[in-house]
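# what follows is a predicted structure for the sequence shown.
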Amino acid sequence: MHSTKRIERKLSGLHGKSDVHLIGNATSGITMALNAAGIKNKKVAIPNNVCVNVPMAVIFSGNEPLYLDILEDDLGLNPKHLIEHINEISAVITVHAYGAICQIKAIKNICKSNNVFLIEDCCLAQGASVNSTPVGSFGDISLFSFGAGKIIDHGHGGAVLSDDFHLIKKIRELSDMLPNYDLLNREMLREFFAYHTQLYNKYYGNDINQFFPRYREWVIKVRKSFFHKYDNNYTDSIEKSLSDLNNNIENRQIKVKNFHKLFSQLDTSKVKIFFHPKGSVYWRFSLFVKKNRNKLLHHLLKKSFKVSSWQPSVNLFFEDRSAIMPKTPVSDLVGDTIINLWVNEEVGEKYANEISYEINNYICDN
């Protein structure tokens, strides 16, 4: 059996979906899923605390994102807010953010009852489960990514999964029409995300919002760079990583337990640990710093620690918040206070000891 087919069969078994197709990246996967479902010129609900690639994919599909608030408990889409807007939308993209399981059962029931197309974004949660039911088995379409920084990290590739054979057939046809992956695509995306990072680091907060018209122009400019075929040269390494997924998840969990121990004496009036719901996986270990988060972040970055403050409320980059009056206070709060520490294979015990020492001291002194 060809190794690509073996990966598709493995993904089918891991995530409880009958049909699987490998794609160049999850961004194009979302776009093709919406196109294949016949959704055009509609509103698509997404959590406001999410990777910029999600609203980009919605825009690429000819639709418009509707940014909804999240829950503090799991940082996923708030089902209550989804119900409030259910008559405005034709699709929902729900995200297991930071590897934490969202209220996927409730969201699925709401969508099913209202004939709303559900895309389950599992890009940061591969290996998670809800009462032993794997993530990826709930959506009309489910998406996984093997891109940079994901649970399985190879800098390329992803997969769409569904029990709807005809839907996957349409996505496969759309995917087959795409060009091959090349260095030009990679370079254009590198330039775009460098711009994104520069904007974030220099203007973090509401000041970013003044750049949203230019940012949307950039998004349209780089659209073609996201749309390319899956590169079979990545197949053997991805297959190996899928076979090692349980060890990957277990090693992340060991590092998380160590962080809990190292941060056991934190002043909870100043900083809060984010505890993932049962069955989740850890993309990162996250803290909420209630005061001077940016100052702490810059302090750690100057010392060259691997640390991030993703995600800010994503509509800062895409729409005029002064005109729409933001209604996503939890998303905004998370974006203003979160710090993410690495738990993947890039770091070890030395990293954990050193960064926890810096954070503990900083919190005590401020």
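Thanks, I have it.

# switch to C-alpha atoms for all contacts and neighbour counts from now on
OK.

# where exactly do the strands run in the stretch 101-250 of the chain?
Remark: strands assigned in the stretch 101-250 of the chain by DSSP state E, counting those that start in this stretch are 117-121, 129-130, 133-134, 141-145, 158-162.

# partner strands of the first one and their direction?
Read it as strand 117-121. strand 91-95 (parallel), strand 141-145 (parallel) (DSSP bridges).

# so how far is it off the chain centroid?
Taking CA atoms, centre = their mean, to the nearest Å, one finds the center of strand 117-121 at 13 Å from the center of the full chain.

# just want the angle from that strand to strand 158-162.
140 degrees (axes from the mean of the first three to the mean of the last three CA atoms, to 10 degrees).

# and strand 117-121, what's its mean pLDDT?
The average pLDDT within strand 117-121 is 98.

# in PDB, list the C-alpha atoms belonging to that strand.
Extracted in PDB, the C-alpha atoms of strand 117-121 (Å, rounded to 0.1, in the frame of the first residue of the first chain):
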ATOM      1  CA  PHE A 117     -22.300  23.200   8.700                       C
ATOM      2  CA  LEU A 118     -19.700  22.400  11.400                       C
ATOM      3  CA  ILE A 119     -15.900  22.500  10.800                       C
ATOM      4  CA  GLU A 120     -13.900  21.000  13.800                       C
ATOM      5  CA  ASP A 121     -10.400  22.600  13.900                       C
END
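
# okay, now the unreliable bits of this protein?
Along the chain, segments meeting pLDDT under 70 span 1-2, 326.

# can you give me the helices in it?
All helices of the chain, identified by DSSP state H, fall at 3-15, 26-36, 53-60, 79-84, 104-113, 165-176, 183-203, 212-221, 235-243, 245-262, 293-302, 321-324, 329-337, 349-365.

# in the first one, what counts as buried?
Using 16 or more other CA atoms under 10 Å as the burial criterion, the residues of helix 3-15 that qualify are 4, 7-12, 14-15.

# now the residues you listed in a markdown table, with distance to residue 226?
Formatted as a markdown table, these follow (distance: CA to CA, whole Å):
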| residue | distance to residue 226 |
| --- | --- |
| 4 | 21 |
| 7 | 22 |
| 8 | 21 |
| 9 | 25 |
| 10 | 25 |
| 11 | 23 |
| 12 | 24 |
| 14 | 26 |
| 15 | 25 |
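
# which among these gets closest to residue 275?
residue 15 (23.8 Å; CA to CA).

# residues in contact with the closest one?
By CA atoms under 8 Å, 6 or more residues apart in numbering, the contact list for residue 15 reads 134-137.

# and residue 196, which of the strands of the stretch 101-250 of the chain is closest to it?
strand 141-145 (20.2 Å).

# okay, the angle between the closest one and helix 26-36?
Using the same axes, to 10 degrees: strand 141-145 against helix 26-36 is 160 degrees.

# could I get strand 141-145 in PDB with only the CA atoms?
Provided in PDB are the C-alpha atoms of strand 141-145 (Å, rounded to 0.1, in the frame of the first residue of the first chain):
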ATOM      1  CA  ILE A 141     -15.500  18.300   8.400                       C
ATOM      2  CA  SER A 142     -12.500  17.900  10.700                       C
ATOM      3  CA  LEU A 143      -9.100  19.400  10.100                       C
ATOM      4  CA  PHE A 144      -5.600  18.600  11.200                       C
ATOM      5  CA  SER A 145      -2.300  20.200  10.500                       C
END
